[in-house]
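**Student:** Sequence and predicted structure below; questions after.
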Amino acid sequence: MPLYEHVFIARQDLSNTQAEGLIEHFSTVLADNGGKVVENEYWGVKTMAYKINKNRKGHYAFLKSDAPAAAVQEMERLMRLHDDVMRVLTIKVDKHAEGVSVQMQKRDEREDRGDRGDRGGFGGERRERPSFGDRPDRGDRGDRPSFGAPRR
């Protein structure tokens with residue numbers, strides 16, 4: 001059977017147990033239609049980038065499933081009809097990643113991203129910008145036409 005990963009956002013005014021109850025509810029929907037949930041994670045309440053239905057925060061949940069397409073379609077249909085679920089994202093994957101997701105890892109356990117100086121661009125040494133007089137492609141500012149009031 002195909003492998004899927006699902007993320008959904010539930011309303012912020014739900015309790016943690018109600019949000020985890022939604023995970024169990026949608027897991028049983030998959031199981032009733034011939035699929036199974038390999039792993040689920042409750043990521044907690046997180047601040048969203050923009051308001052959705054007048055909510056700034058939401059309960060995030062992540063499911064890894066092994067289910068036929070019909071079971072996934074039925075679960076998504078029920079999620080979209082459910083009043084407590086604001087957004088749903090489902091992707092098909094070739095294989096599930098081992099271990100916990102990046103959202104559940106602590107910052108210390110994540111791989112070190114390195115110092116900002118090694119990213120190129122303006123990160124390391126600062127270069128001085130040439131002034132207009134030093135540039136060979138531009139003349140003095142006085143020889144350009146002005147588009148405002150005439151000079152006096």
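**Tutor:** Now that the structure is in, tell me what you want to look at. Numbering: from 1, shown residues only.
**Student:** Let me know the average pLDDT across the longest strand seen in the chain.
**Tutor:** Counting residues, the longest strand found in the chain (DSSP state E) is strand 36-52. Across strand 36-52, the average pLDDT comes to 91.
**Student:** Run through this structure and note the low-pLDDT ranges.
**Tutor:** Residues of the chain that meet the criterion pLDDT under 70 lie in 107-152.
**Student:** re earlier: so what touches the longest strand of the chain?
**Tutor:** Applying Cβ atoms under 8 Å, 6 or more residues apart in numbering, the external contacts of strand 36-52 come out as 3, 9, 12, 16, 19-20, 23, 27, 30-31, 55-67, 86-87, 96, 100-101, 103-104. Using the backbone N, CA and C atoms, a C-beta is placed for each residue, glycine as well.
**Student:** Next, the buried residues of the longest helix that the chain contains.
**Tutor:** Assignment by DSSP state H gives helix 16-32 as the longest helix of the chain. Neighbour counts over helix 16-32 (16 or more other Cβ atoms under 10 Å) mark 19-20, 22-23, 26-27, 29-30 as buried.
**Student:** okay if I get those residues as CSV plus distance to Val72?
**Tutor:** Formatted as CSV, the buried residues of helix 16-32 follow (distance: Cβ to Cβ, whole Å):
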residue, distance to Val72
Ala19, 21
Glu20, 21
Leu22, 16
Ile23, 15
Phe26, 11
Ser27, 12
Val29, 10
Leu30, 7
